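J.: got a structure for you, letters missing:
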């Protein structure tokens, strides 16, 4: 167990009572600094802005080992986000103003949680802000993995937005940093797990307009004992098959998928799915099938969500959403007579990009709809529709 040691704040260009440079003589070998730039650019720090890294007589090799810059005389922090782990159980996180373009506002940088005094910076200059705190404090998550005790925390920055009559913008840089210290009886490791600008830059594979398709599955059981929903998504209706005829309460197998994307990290999310009696998704009457991606609670025959995971055999399971609707018909609101008209299914969709704190998950239960986690960076807002369904008698 590590002691909960509180360090006093730094005076300008000085460090805690036990000098930080002394403690850093025993830091672990860490991953390369986050926001890695060319060494010449990363280490191009003005003399007036340099913050000492390591003890005064540190060698060039030792300096490189703890991810700092060496100019022949002095070891100092570069224009990056540097994470170091001290053997007595402390994080050291040094954030450079020049780690992003445009430059970060250092007073907006903060740990995601923790109100203790040592969760604030121990020192701030014009060019750097420095955090040093126990690995057991400030909301650190602790777990065991591969013989190591892993201490994981996260840092973010806020940003200013401008609100106009027709839109909202920001011109500030913003980042999220997920970092770890790993301790065993014989070793210490530091690791920058994930670092994202917000919104994250799109991979080349996902450039261009978002294309999403809604289609209906028609797989049938061919053997005794087969469960139809297990084979339903093995085949699909083609354009030539429409209109498709269904009997009331017969299951309709719906699939929504992203087209022409190969980024395994993106997640398709559904907002509202509903039905109309003609192809226009804005027409009336309407009946909700999903609300915020969850079954409409006031439907006696609720829509069933079909999990899509690695066992589905799909290359990118997160690009798909599936659900089952029991066939119905609209009723005239005045006479309450079934109209027995056609039915079309529509869904509003977005593509979500997970962040360290938002995993783009949609969780539903009977008491509430939990969509608070679907707040990662997103793209899209596309409505997709099915072909025509016709109600027929048995």
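T.: Nice, I can see it. Quick caveat: nothing in here was measured; it's all calculated off a predicted structure. Numbers count the residues shown, from 1 in each chain.
J.: Could you list the low-pLDDT ranges of the stretch 101-250 of the chain?
T.: Residue ranges of the stretch 101-250 of the chain with pLDDT under 70: 101-102, 159-174, 185-210.
J.: need the contact list for residue 267.
T.: Under the criterion of Cβ atoms under 8 Å, 6 or more residues apart in numbering, the neighbours of residue 267 are 318, 351-354, 360, 376. Where you see a C-beta, it was placed from the backbone N, CA and C, and this is true even at glycine.
J.: per-residue pLDDT, it?
T.: Each residue has a pLDDT score; the one for residue 267 is 90.
J.: what's the answer for the one 3 residues further on, then?
T.: In the predicted model, residue 270 carries a pLDDT score of 92.
J.: which of the contacts of residue 267 count as buried?
T.: For the contacts of residue 267, a burial check counting by 16 or more other Cβ atoms under 10 Å picks out 318, 351-354, 360, 376.
J.: Now, the residues you listed that are in strands?
T.: Of the buried ones among the contacts of residue 267, the ones assigned to strands by DSSP state E are 351-353.
J.: how about the helices in this structure?
T.: Using DSSP state H, the helices of the chain run over 20-23, 39-42, 60-65, 228-231.
J.: what would the ones in strands among the buried ones among the contacts of residue 267 look like in a markdown table with pLDDT and distance to residue 386?
T.: Listed next are these as a markdown table, based on pLDDT from 0 to 100; distance: Cβ to Cβ, whole Å:
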| residue | pLDDT | distance to residue 386 |
| --- | --- | --- |
| 351 | 85 | 20 |
| 352 | 85 | 23 |
| 353 | 80 | 27 |
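J.: Of these, which is the nearest to residue 183?
T.: Minimum distance to residue 183 across these is 31.8 Å, recorded for residue 353 (Cβ to Cβ).
J.: Could you report the pLDDT at residue 312?
T.: At residue 312, pLDDT is 85.
J.: er, residue 296 actually
T.: pLDDT recorded at residue 296 is 88.
J.: cool, residue 324 as well?
T.: Residue 324 is given a pLDDT of 94.
J.: Let me see the contact set for the nearest residue to it once chain neighbours are set aside.
T.: Distance criterion Cβ to Cβ, 6 or more residues apart in numbering; nearest residue to residue 324, sequence neighbours excluded, is residue 304 at 4.4 Å. Contacts were defined as Cβ under 8 Å, 6+ apart; by that measure residue 304 touches 295, 323-324.
J.: and residue 305, how many residues sit next to it?
T.: Under the neighbour criterion other Cβ atoms under 10 Å, residue 305 is assigned a count of 17.
J.: Now render the contacts of residue 267 as TSV, adding distance to residue 328.
T.: Listed next are the contacts of residue 267 as TSV, based on distance: Cβ to Cβ, whole Å:
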residue	distance to residue 328
318	30
351	30
352	30
353	36
354	35
360	31
376	34
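J.: Give me the outermost residue of this protein relative to its centroid.
T.: Largest separation from the mean C-alpha position in the chain: residue 335, at 49.2 Å (Cα atoms, centre = their mean).
J.: Now find how far off-centre stretch 301-317 is within its chain.
T.: In terms of Cα atoms, centre = their mean, to the nearest Å, the centre of stretch 301-317 is set 20 Å apart from its chain centre.
J.: Can you tell me which of the helices of the chain is most buried?
T.: Neighbour counts (mean count of other Cβ atoms under 10 Å) averaged over each of the helices of the chain peak at helix 20-23, with a mean of 18.
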